[in-house]
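# Turn this into a model:
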Amino acid sequence: MNFVLKNNVNCDEARMDFVRAKSALYDLDVACRDFLRRVAKVPISFNTAFFYADIRVGGLGMLPLTEEADIWTIARAMQLVDSEEKSVSEVAMAQLEETIRLGYGKREVPFPIPINENLAGSMDKGLGDIRHGGASMNLWFRSRRAAGHLKRIKIDVSGKQYSKIIADDISCISLKAIIGLRTALRRRWTSRLLSSNKGRLQRGLHSAW
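Here you go, the predicted structure:
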């Protein structure tokens, strides 16, 4: 009984640590935007995409710290899976599979184990109902959460040497995960800024007529 209670406490503490860390990064993002807004002398109503869009279209070329954290989490997880040290990659994959099994609890685990779907944050194959706690609140849990936050992420660990990470139309191996994911996310912000500017231009032309 004490063991169960201890595990529940550890689970709650892990969840709270995760939430607090994300909340702190969000607060920092807000503070950074406020500072840059004053430096760049842009109004509060200015599109948030301005801070994160590509500099070639007038953005500042940054990324939110919350997204950077997710990128590094995914990259670290995939690099462990693809480690050149066989013992490291084997332990990483074994821990990943065990984390997925624990998430299913008493429910039947699909065969083969949905590793790719889990890492990509998918809700298919019953993954939307999995629950994590205790020992399963680990890097693999955080990596799944990170992929879910970033959205439209696909992961394939079946490669002979390196896993593949796909974000939108950008595909990269695990060694290039940080560069690839940053590029994809910056393109998303750039698209938002361009769409916003196009909308303002159309409204301006309409008013002129």
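# Distance of R56 relative to S191?
For R56, the distance to S191 equals 13 Å [Cβ to Cβ, to the nearest Å]. All C-beta atoms are positioned from the backbone trio N, CA, C, and that covers glycine.
# Pick out the residue closest to the middle of the protein.
A146 (3.0 Å; Cα atoms, centre = their mean).
# any low-confidence regions in this protein?
Applying pLDDT under 70 to the chain picks out residues 1-19, 131-136, 198-209.
# Settle it for me: which of R56 and S191 has more neighbours?
Using other Cβ atoms under 10 Å, the more surrounded residue of R56 and S191 is S191, with 15 against 8.
# Give me the distance between that one and M93.
Applying Cβ to Cβ to S191 and M93 gives a distance of 35 Å.
# now swap in I115 and tell me
In terms of Cβ to Cβ, I115 sits 8 Å off from M93.
# Compare these two and say which is more crowded by neighbours.
I115 (19 against 16).
# Pretty sure that one sits against E98.
No: the criterion here is Cβ atoms under 8 Å, and I115 misses it with E98 at 11.6 Å.
# Looks like K164 contacts I173 (just checking).
Yes: the pair K164 and I173 qualifies as a contact (Cβ under 8 Å) at a distance of 6.2 Å.
# mind listing the strands for the chain?
153-156, 164-167, 170-173 (DSSP state E).
# Out of the ones you listed, which is the most enclosed?
Among those, strand 164-167 has the highest mean neighbour count (mean count of other Cβ atoms under 10 Å), at a mean of 22.
# about what we covered before: so what sits against both of I115 and M93?
The contact sets of I115 and M93 overlap at V157 (Cβ atoms under 8 Å, 6 or more residues apart in numbering).
# what about the residue found closest to I173 once you drop the neighbours it is linked to in the chain, distance to L194?
Residue nearest to I173 in three dimensions, not counting chain neighbours: Y162, with 3.9 Å by Cβ to Cβ, 6 or more residues apart in numbering. Using Cβ to Cβ, Y162 is found at 33 Å from L194.
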